[in-house]
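In: fold the following and give me the result.
(2 chains)
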Amino acid sequence: MSIPVIELDDVTKVYPLPAGDVTALSGISIRIDEGEFVAIMGPSGSGKSTLLNQIGCLDRPTSGDLSLAGKNTREMGDRELTNLRLSSIGYIFQKFNLIPLLSAYENVEYPYIMKHRKNDDTGRVRNLLARVGIDESLSAHKPPELSGGQQQRVAIARALVNDPAILLCDEPTGNLDSQTSLQIMEILADLHRRGRTLVMVTHNPETAAYADRTITIRDGRIA
Amino acid sequence: MIKNDIIFALSVRSVRLHFLRSVLAALGIVIGVVAIASIGMMGANMTLSVTEQLSDMANKLTVTPYTGGGGGMMMGGGGGGRVVIGSGSSSDDDDVITEKQFKTIQRIVAKYGTAYTVRSESDRIEVGSDTGRATIYGLDPDIMREILTVEEGEYPKSTTSVAVGPTLAERLNLKIGSKLKIGDPDEGSTTTVRVVGILEERGMSMDLSTDMAIVGSDKLFVGIYGGEGEYDQVNVVVNDINNADVVKTAIEDELNRKEDTVTVQDSSRMMESITSSLSTMTTFVMAIAAISLLVAAVSIFNVMMMSVNERVREIGILRSIGTQRTEILRMFIYEAGILGLVGAIIGAVMSIIIGYIVVVGMVGTAEYFFAAGSISYVPMAMAVGAAICIVTGVYPAWRASNLDPIEALRAE
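Out: Next up, the predicted model:
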């Protein structure tokens, strides 16, 4: 049996609050194999975003183990986790989260520079932008000058620039109209067809329908 | 490295995005750098110019009667050598240099240079309806020609003619031919003399201070105050500056063998004391100027905190897509550094301009402006300004780098 790309083993996340501890995730065990497209569904406050943050190494589980590509993240320090986010994980957010000071092109190039310590001279950034439908003149614009759909396309290109093992999408169509949502989902579905592993949080069943498998979370547990 | 450094590019863009705010913050640094540099340069120029003036007379020694007080600094050139009560000519016998002592000094000095006697007295003077006090010097007419320069008129020769210092002449509106009365009519006779010459400005000096004085022949002086064969001061001019110490020691050894009868002063003590008080003053004023840098530091701190708070979300994005803490730290330190460096560079240029104006205005000469001791205040102030900026930027940068990515992403 091959090594899963993502493996959660009895993951629990507790937020200590003055009014008492809040358990956001409780005993979650998930296994996701290479090339899978998994949708995580659940109502607001169910813990699905918290779960995605654990997988995305933005947060650490209170207990339990998270392994990415066979490597346990429990003993990793901030520096190693940051490197993992840079090289192995591509993040696509509901609010696009592009850097306003950088042009579309530079936004895509940024993780490349962070990883390779040099500007992209392979044409990869340009190709990725073309693949998501952003032409050269658009790529010179700053994010606030682009439409929501265009921004999300740029964000997808950025997530892919370091060729990550995992693509994490947090409500990728949440801020887009239905027409644009369709286009974005087509891009994600195409990436899946080409063998990319995708984990997507959504509360929209239509969007979830693109996935191979749906995991539903309710009150911090797998329902 | 910097060319391809996207972190640096982000800092530059953030500064440019908030251009006005950044300019104002940098302006604080500009003011601080200008204040410190120009005040420092002014102090250095004052010290350099005074030192130069004083070393011009390093070959001069003054011998004054020992007064028991250790012969402190007497910038008055012995103007108060006698303890004068009223305007009487009687004086304490201990407080003069006798003819015999003068002969001894002359004998010692003969090999190295020349010595001459100075008589001086402070007295009431009257010009028309104006009255005042001035020092009256009595000098040998030949010596007078050697050591003083007349700017207008001629040297006084007779016992009724005098030359006056330029400051006194201006204050009492004295011209060639003016008459003035020396002495207090309530306490005895007055002597009327005629001004025949106005002396050239001599500035601060320890041998003779003639700018505010009346200079006459020794005969005139003795005629008014008496004291034949008694002098207030003996000035020695040494030909070779290196012999000043030898002469000083020789005079002291000879005349103070049994008990202290004279005080021999050279200009080094005076120079030390003046430069040390100048440097104390400069340091003090510079400390006040440094407060302006402190204010600038607070404003930079404020701008940096605003920048961090405004960019919390951006920091969250950068962290979530794989930017290290140290890189976030670097980004904000760069930002503070840019403000500091730009402020310091503009400040340096301006402090050269403003410093020059201040120095010319306060010191009167820009002769020493580009001397190492003066101009070095510019890079020094620059370094202090830029360093303060970077130090102030550390805390905001540290705060930015330690933000929790998830919390930061949630910020609006």
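In: nearest residue to B:A169 in space, please, no chain neighbours.
Out: Closest residue to B:A169 apart from its sequence neighbours, by Cβ to Cβ, 6 or more residues apart in numbering or on different chains: B:I198 at 5.0 Å. In short, each C-beta sits where N, CA and C put it, glycine included.
In: oh, I was asking about B:G229
Out: Using Cβ to Cβ, 6+ apart, the closest residue to B:G229 is B:E99 (4.0 Å).
In: dihedrals phi and psi, the one you found?
Out: Main-chain torsions, B:E99, degrees, to the nearest 10: phi -60, psi -40.
In: contacts only, for residue 219.
Out: Let's take chain A. Neighbouring residues of A:D219 by Cβ atoms under 8 Å, 6 or more residues apart in numbering or on different chains: A:S26, A:S46, A:G47.
In: you answered for a different chain; I wanted chain B.
Out: Taking Cβ under 8 Å, 6+ apart as the test, what B:K219 contacts is B:G138, B:T159.
In: got a pLDDT number for it?
Out: pLDDT recorded at B:K219 is 87.
In: part of a helix, is it?
Out: Yes: checked against DSSP: H, G, I helix; E, B strand; the rest coil, B:K219 lies within a helix.
In: any idea how far the residue nearest to B:G229 lies from chain A?
Out: To chain A, B:E99 is 90 Å away according to Cβ to the nearest Cβ, to the nearest Å.
In: burial of that residue, as a residue count?
Out: 13 (other Cβ atoms under 10 Å in any protein chain shown).
In: quick check: what element follows the longest helix along chain B along the chain?
Out: What stands out as the longest helix in chain B, according to DSSP state H, is helix B:267-310. Counting by DSSP states H and E, the next helix or strand C-terminal to helix B:267-310 is helix B:312-320.
In: list the helices and strands that following helix packs on?
Out: Contact partners of helix B:312-320 among helices and strands, from 3 or more Cβ pairs under 8 Å, 6 or more residues apart in numbering or on different chains; DSSP states H and E: helix B:325-363, helix B:405-410.
In: okay, angle between that helix and helix B:325-363 too, please.
Out: 130 degrees (axes from the mean of the first three to the mean of the last three Cα atoms, to 10 degrees).
In: ok, residues contacting helix B:312-320?
Out: Applying Cβ under 8 Å, 6+ apart, the external contacts of helix B:312-320 come out as A:56, A:58, A:82, A:85, A:91, A:97-101, B:308, B:325, B:327-328, B:400, B:403, B:405-412.
In: buried members of these into ChimeraX, please.
Out: Per 16 or more other Cβ atoms under 10 Å in any protein chain shown, the buried members of those correspond to this ChimeraX selection:
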select /A:56,58,82,85,91,97,98,99,101 /B:308,325,327,328,400,403,405,406,408,409
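In: chain B contacts on chain A?
Out: A:53, A:56, A:58-59, A:78-79, A:82-87, A:89, A:91, A:93, A:97-102, A:106, A:109-111, A:113-115, A:117-119, A:158, A:162 (Cβ under 8 Å from any Cβ of the partner chain).
In: any idea how far the residue nearest the centre of chain B lies from B:G373?
Out: The residue lying closest to the centre of chain B (Cα atoms, centre = their mean) is B:M46, at 3.9 Å. Applying Cβ to Cβ, to the nearest Å, the value for B:M46 to B:G373 is 11 Å.
In: then B:K219?
Out: On the measure of Cβ to Cβ, B:K219 and B:G373 end up 48 Å apart.
In: helix or strand for the residue in chain A positioned nearest to chain B, which one?
Out: Going by Cβ to the nearest Cβ, chain B is nearest to A:L86 of chain A, at 2.5 Å. Using DSSP H and E, the element containing A:L86 is helix A:78-87.
In: domains of chain A?
Out: What the record gives for chain A is the domain set A:1-88+A:165-223, A:99-163, from automatic domain parsing.
In: just the strands from chain A, written as ranges.
Out: A:6-15, A:22-32, A:37-41, A:63-68, A:71-72, A:89-92, A:166-170, A:197-201, A:213-218, A:221-222 (DSSP state E).
In: go ahead and name everything in contact with the last one.
Out: Pointing back at strand A:221-222 there. Against strand A:221-222 from outside (Cβ under 8 Å, 6+ apart): A:S26, A:G27, A:I28, A:S29, A:I30, A:I215, A:T216.
In: out of the residues you listed, which is most surrounded?
Out: With neighbours defined as other Cβ under 10 Å, the most crowded of these is A:I28; it has 23 neighbours.
In: kindly report the residues of chain B close to chain A.
Out: B:4, B:6, B:10, B:13-14, B:17, B:313-314, B:316-325, B:327, B:405-406, B:409.
In: what sits against the closest residue to chain A within chain B?
Out: With Cβ to the nearest Cβ as the measure, B:G322 is the residue of chain B nearest to chain A, at 2.5 Å. Counting by Cβ under 8 Å, 6+ apart, B:G322 touches A:T82, A:N83, A:L84, A:R85, A:L86, A:S87, A:I89, A:P111, A:M114, A:K115, A:N162.
In: adding pLDDT, write the contacts of A:D219 out as TSV.
Out: Formatted as TSV, the contacts of A:D219 follow (pLDDT from 0 to 100):
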residue	pLDDT
A:S26	93
A:S46	90
A:G47	90
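In: wait, what's in contact with residue 210?
Out: I went with chain A, as the question did not name one. Contacts of A:Y210 (Cβ under 8 Å, 6+ apart): A:F37, A:A39, A:M185, A:L188, A:A189, A:H192, A:M200.
In: correction: the question concerned chain B.
Out: By Cβ under 8 Å, 6+ apart, the residues touching B:T210 are B:Y137, B:L148, B:G165, B:L199, B:R202.
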